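**Student:** Below are the sequence and a predicted model for it; my questions follow.
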Amino acid sequence: MPKAVVIGGGVGGLTAGVALRREGWDVTVLERAAHLAPVGSGLAMAPNALKALDTLDLGDRIRELGRVEGQVGIRRPDGRWLVHTTEDDALARYGDSMVVLLRAALMDVLADALGGARLRLGVTVSDVDAARGVVRTGEGDLEADLVVAADGIHSATRGALFPGHPGPAYSGVTAWRALIPRSDLPIQSTETWGKGLVIGVHLLAGEAGDIGKAGHAEDTVYVYATDVSPAGAVHANEREELLRRFGDWHEPIPSLLRAADPANIIRNDIFSFGTPLPALHIGRVAFVGDAAHPMAPNLGQGACQAIEDAVVLARLAGGSPAVEEVLPAYTAARLDRTWRVVRQSMTINRMTRLRHPLAVRLRDLGMSTAARLSPDLMLRSMHDVLGWRPPRGDRPKESTERPV
């Protein structure tokens, strides 16, 4: 039985472990954290990710948590729609809409499918020998036919194996995330754009446990926001910072922010690749998720692309330890696609960073006019991303093209 060692127990790492197990691999997932603590944020599972999870028989478990319902889209701070679509439109086009759920809920599903004995917590990786497939840890060396680097946006494995790559760069915006009790407020899944500011509001699917003391996720709202900011800025009170920026925007935004527990607000600067890796593999090591292609969150595709990576890698690997044949095909299948998603995410990120009143008016006018002329604009503009389907077993031909 071929052996795989996965470095990192996040979404990409756990999905890779589950997918490789289903292909007959003996899998060990290493996570440096002592436990998989619940992360106080949500994430979106778009149709492409749900289709990928279907190959692992996990898609329906996520769909059962609930779908985004009604009208969704982008608004102005006064509440007027700029562009929108509906769940029915997405279902008709892709056979799926979108599930917004707790990150912790997805992690639980993946960890359960992996099996606890295959997940080793509190293990720090000190070095990787890519040529031999040796992973060095504080608890000894592990040998593997395949090493999957899923160690996040600031991947130490990527830095060691691609020392000439510049790594992720600051996108220009900082981001807040919070889980907030609904308090009987009417909630639509929307994103609102202002002058350099964005805030999104979504009801969560599934169980929320005691996070935010909301009981069930249907009583919990996931709120995220971004603003143009110097990297590393420090704020004394994150809730007050959010109210200062968004307190006069349309409801339910101000009411939600006033109800937020400052202790449950997470803030982090957003980083993204400006240059792709030359390949998504080196030696016996394959890179997935943020370790392979950090991206801005503006398309909601970070976790989705990590899941795609994992499913494609496992499908190409099959039950064979001959990674010298598998990994070039993996790069060919994933490098161009993920780089297009990274670039599209940053294009939208730049649109949201506009602050000059004239530039903002022109942006909003262009979006609303285009939406009137083409009512399916929102979904059509995302077709290349959302319309992806998992491979059926055939290996793609290796591409000689390099992303630009």
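**Tutor:** Arrived safely.
**Student:** which strands and helices sit next to the helix ranked longest in the chain?
**Tutor:** Once the chain is assigned using DSSP state H, the helix that runs over the most residues is helix 323-352. On a contact count with 3 or more CB pairs under 8 Å, 6 or more residues apart in numbering; DSSP states H and E, helix 323-352 meets strand 169-181, strand 265-272, strand 281-282, strand 285-287, helix 302-317, helix 383-386. In short, each C-beta sits where N, CA and C put it, glycine included.
**Student:** Reformat these as a markdown table; add mean neighbour count and distance to V128.
**Tutor:** Below are the helices and strands packed on helix 323-352 laid out as a markdown table (neighbours: other CB atoms under 10 Å; distance: least, CB to CB, whole Å):
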| stretch | mean neighbour count | distance to V128 |
| --- | --- | --- |
| strand 169-181 | 21 | 24 |
| strand 265-272 | 18 | 22 |
| strand 281-282 | 24 | 10 |
| strand 285-287 | 30 | 6 |
| helix 302-317 | 27 | 17 |
| helix 383-386 | 17 | 31 |
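**Student:** sorry, back to before: after the longest helix of the chain, which helix or strand is next?
**Tutor:** Following helix 323-352 in sequence order, the next helix or strand is helix 357-373 (DSSP states H and E).
**Student:** I'd like the mean pLDDT over whatever helix or strand comes next after that following helix, please.
**Tutor:** Under the assignment DSSP H and E, the closest C-terminal helix or strand after helix 357-373 is helix 377-380. Mean per-residue pLDDT for helix 377-380: 77.
**Student:** coming back round to it: could the helices and strands packed on helix 323-352 go into TSV alongside distance to P47 and mean pLDDT?
**Tutor:** Below are the helices and strands packed on helix 323-352 laid out as TSV (distance: least, CB to CB, whole Å; pLDDT from 0 to 100):
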stretch	distance to P47	mean pLDDT
strand 169-181	23	95
strand 265-272	23	95
strand 281-282	27	98
strand 285-287	24	98
helix 302-317	9	97
helix 383-386	5	89
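**Student:** could you dump the ones you listed to TSV with distance to G10?
**Tutor:** TSV is the format used below for the helices and strands packed on helix 323-352 (distance: least, CB to CB, whole Å):
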stretch	distance to G10
strand 169-181	15
strand 265-272	14
strand 281-282	19
strand 285-287	13
helix 302-317	8
helix 383-386	21
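**Student:** Please give me every residue in contact with K3.
**Tutor:** Neighbouring residues of K3 by CB atoms under 8 Å, 6 or more residues apart in numbering: 25-28, 143-146, 321.
**Student:** Kindly apply the preceding question to R93 instead.
**Tutor:** If a contact means CB under 8 Å, 6+ apart, then R93 has 376, 379, 383, 386-387 as its contacts.
**Student:** Could you rerun that using 7 Å?
**Tutor:** Shown in contact with R93 (CB atoms under 7 Å, 6 or more residues apart in numbering): L379.
**Student:** I'd like the next helix or strand past the helix or strand it falls within.
**Tutor:** Taking DSSP H and E as the definition, R93 sits inside helix 87-94. Using DSSP H and E, the helix or strand that follows helix 87-94 in sequence is strand 99-102.
**Student:** now whichever strand or helix holds G73 against helix 357-373, angle please.
**Tutor:** According to DSSP H and E, G73 maps onto strand 71-75. On the basis of axes from the mean of the first three to the mean of the last three CA atoms, to 10 degrees, strand 71-75 is oriented at 150 degrees to helix 357-373.
**Student:** contact partners of strand 71-75?
**Tutor:** 81-86, 188-193, 250, 378.
**Student:** Now do it and helix 87-94, the angle between them.
**Tutor:** If you take the same axes, to 10 degrees, strand 71-75 sits at 100 degrees to helix 87-94.
**Student:** any low-confidence regions in the stretch 251-400 of the chain?
**Tutor:** Where the stretch 251-400 of the chain drops to pLDDT under 70, the residues are 393-400.
**Student:** Return the residues in contact with I62.
**Tutor:** By CB under 7 Å, 6+ apart, I62 lies in contact with 45, 50, 53, 99, 101, 106, 109.
**Student:** Could you identify the buried members of the contacts of strand 71-75?
**Tutor:** By neighbour count, with 16 or more other CB atoms under 10 Å, the contacts of strand 71-75 hold 82-86, 188-193, 250, 378 as buried.
**Student:** Select from these every entry located in helices.
**Tutor:** M378.
**Student:** from the buried ones among the contacts of strand 71-75, which is closest to S126?
**Tutor:** Using CB to CB, E191 is the member of the buried ones among the contacts of strand 71-75 that lies nearest S126, at 41.2 Å.
**Student:** looking at the sheet around the closest one, what are its partners?
**Tutor:** Here E191 sits in beta bridges with I74, G200, going by DSSP bridges.
**Student:** ok so, going back, out of the helices and strands packed on helix 323-352, which gets nearest to L91?
**Tutor:** helix 383-386 (11.8 Å).
**Student:** In terms of secondary structure, what does the closest one contact?
**Tutor:** helix 47-54 (3 or more CB pairs under 7 Å, 6 or more residues apart in numbering; DSSP states H and E).
**Student:** Give me the contact list for the helix it packs on.
**Tutor:** For helix 47-54, contacts defined as CB under 7 Å, 6+ apart pick out 59, 62-63, 90, 94, 96, 303-304, 307-308, 311, 385-386, 388-390.
**Student:** Can you tell me which of the residues you listed is closest to R361?
**Tutor:** Relative to R361, the closest of the contacts of helix 47-54 is V385; by CB to CB it sits at 27.9 Å.
**Student:** residues touching the closest residue to I199 other than its chain neighbours, list them.
**Tutor:** Nearest residue to I199, sequence neighbours excluded (CB to CB, 6 or more residues apart in numbering): A225, at 4.2 Å. Under the criterion of CB under 7 Å, 6+ apart, the contact list for A225 reads 175-176, 198-199, 242, 246.
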